[in-house]
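Trainee: Would you be able to build a 3D model of this:
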Amino acid sequence: MFKEAIGTTILALTLCIEGCGGGGGGSSGSAIPAPAQVSAYTAAQIVSFSDARIQALDTNIQYLDNAALSALSPVVILPANPAGQIESISAAQIAVLTPAQVQLIGTAYSGTPVPAQIQHLSKAAWAALASVASQAAAITPAEVVTLTDSEITGLGNNIAALGNPALNALSPLKNLTTNLAGQIESITAAQIAALTPAQVQMIGATSGTAQIQDLSQAAWAAIGSSAAQVAAVTPAEIATLADSQIVAMGANINMLGNACLAALSHTINLTTNLAGQIESLTAAQIAALTPAQVQLIGTGSGASSPIRDANALAWAQLVSDPAQVAALTTAEIATLSDAEIAAFGPTIGSLSNAALGTLSPTINFTINLSGQIESITASEVTVLSPSQVAIIAGITTALGAQTAIAYLNPAAFSSLDAGQVAVLTPANIAGVSAKQLASLTATALAGLTPATLSSLTGTQKSQLTTAQHAACGC
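Mentor: Next up is the predicted model:
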């Protein structure tokens, strides 16, 4: 009984002392210390406060002076501070602090000046901070460096309140504790939508180039869906983009500046560009680009557009458009594969005369196993005008000058009509075999000029039928 009475007396005295402002601390009971009492707490006293006593300050935490706020610590010390003083601050307490006060939290806890230790706030307290634009606006670059992935995400749309230096400080770096993904990778699509193009251009841009390649797939899709955001992308950023990020621009690829289109690359790597940026362009993207824009693709090195690297579907879209075909240059024609020549179809007639004159019979073991001229299809021959056939016929081959007509494949050669045959000169026909000549219709043979007919050798005429002989009078 005596021990119990002594214990009760000591407890009563303790409560009286703390409740009356003695002992240098706040109440550990349910009573909230009065504002005057809180404002009197010194930094030296705050250092000794338990987590519970920090919480017991309740909203009167706002009356702590600057030195006391600076002394708040994230350090765990058992048994009094199992979480840490800063970690114990509640959402309600953050809500009553001004941005200037939040910026003081923990800045002197270690004995030397440090950024505000807001990264140690609890999830609920951080949510309270992040919900206020003025609090987000007060976050410094030095504080951004300390934030976790979840805290970046937790800023929500108020990420737009961050200053440019703070946006610059965002990082793609990962660690195994607080940044498993990386800060930039943790930015959400909704957050991207809240940022202006100028702000997106600040993300991680400590070296002058925004690190937008590190955005998540969903966040990048938000970039690609905005014409204004795509228009703001720089050539330096283009060089960092993955194939999938090029595709994600969709039709807004036509908002890229000329220098950005020129920066597109066909380079392949084993991480982000398994196909290559140019090879990844979709048919819909080609359809969205003007001929002038297509002519800029990949020309950053000063070379002609490597549009030959377009995938089969994208190439099919390009050659379906007469305006795109008409824009192809002789330098580009020289790079085309046999399959790309055959893919022109009816629009081959839209090639310029100079482009037609660049077609080659040369064979290689990569993209021209047959040769470009040999790859012209029968249906393509039927759309060529006589003057266009004459241009092709005038190309020099191993058979001699102006002998390329003999390089047409059997189906293509046999499709020549009387009007087209009429432009062939003796030089053009010199390399034509007896089998090729015999593949022409009687009507087509009748179109040969007298000079060309008279140049035919007996060997060339050896396979002609009686009807063919009669038609050509040869």
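Trainee: Send over stretch 281-288 as PDB, restricted to the C-alpha atoms.
Mentor: In PDB, the C-alpha atoms belonging to stretch 281-288 read as follows (Å, rounded to 0.1, in the frame of the first residue of the first chain):
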ATOM      1  CA  LEU A 281       8.100   4.500 -87.600                       C
ATOM      2  CA  THR A 282       4.600   3.300 -88.300                       C
ATOM      3  CA  ALA A 283       2.500   3.500 -91.400                       C
ATOM      4  CA  ALA A 284       0.200   6.000 -89.700                       C
ATOM      5  CA  GLN A 285       3.200   8.100 -88.700                       C
ATOM      6  CA  ILE A 286       4.400   8.200 -92.300                       C
ATOM      7  CA  ALA A 287       0.900   9.200 -93.400                       C
ATOM      8  CA  ALA A 288       1.000  12.100 -91.000                       C
END
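Trainee: Contacts made by it with the rest, please.
Mentor: For stretch 281-288, the external contacting residues (CB atoms under 8 Å, 6 or more residues apart in numbering) are 246-247, 249-254, 264, 294, 297, 310-311, 313-314, 316-318, 321, 324. For glycine as for every other residue, the C-beta is placed from the backbone atoms N, C-alpha and C.
Trainee: one more time with 7 Å
Mentor: For stretch 281-288, contacts defined as CB atoms under 7 Å, 6 or more residues apart in numbering pick out 246-247, 250-251, 253-254, 294, 310, 313-314, 316-318.
Trainee: Quick one: distance of it to the chain centre.
Mentor: Centre-to-centre, stretch 281-288 and its host chain are 15 Å apart (CA atoms, centre = their mean, to the nearest Å).
Trainee: Stretch 213-230 now?
Mentor: In terms of CA atoms, centre = their mean, the centre of stretch 213-230 is found 7 Å from the chain centre.
Trainee: Over to stretch 202-216?
Mentor: In terms of CA atoms, centre = their mean, the centre of stretch 202-216 is found 12 Å from the chain centre.
Trainee: Show me how to select, in PyMOL, the buried members of the contacts of stretch 281-288.
Mentor: Buried members of the contacts of stretch 281-288 can be picked out in PyMOL with the line below, counting by 16 or more other CB atoms under 10 Å:
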select buried, resi 246+247+251+253+254+294+310+314+316+317+318
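Trainee: Out of the contacts of stretch 281-288, which sit inside helices?
Mentor: Secondary structure assignment (DSSP state H) places 246-247, 294, 313-314, 316-318 from the contacts of stretch 281-288 within helices.
Trainee: which of the residues you listed lies closest to Asn428?
Mentor: The shortest separation between Asn428 and any of the ones in helices among the contacts of stretch 281-288 is 30.8 Å, and it belongs to Leu318 (by CB to CB).
Trainee: Would you agree the closest one is in contact with Leu328?
Mentor: No - applying CB atoms under 7 Å, one finds Leu318 not in contact with Leu328, separated by 8.7 Å.
Trainee: Now for the two: what residues contact both?
Mentor: In contact with both Leu318 and Leu328: no residue, using CB under 7 Å, 6+ apart.
Trainee: Endpoints of stretch 332-341, how far apart?
Mentor: Terminal residues of stretch 332-341 are spaced 12 Å apart (CA to CA, to the nearest Å).
Trainee: So which residues make contact with stretch 230-239?
Mentor: Contact partners of stretch 230-239, identified using CB under 7 Å, 6+ apart, comprise 197, 200-201, 209-210, 212, 223-224, 249, 252, 255-256, 259-260, 263-264.
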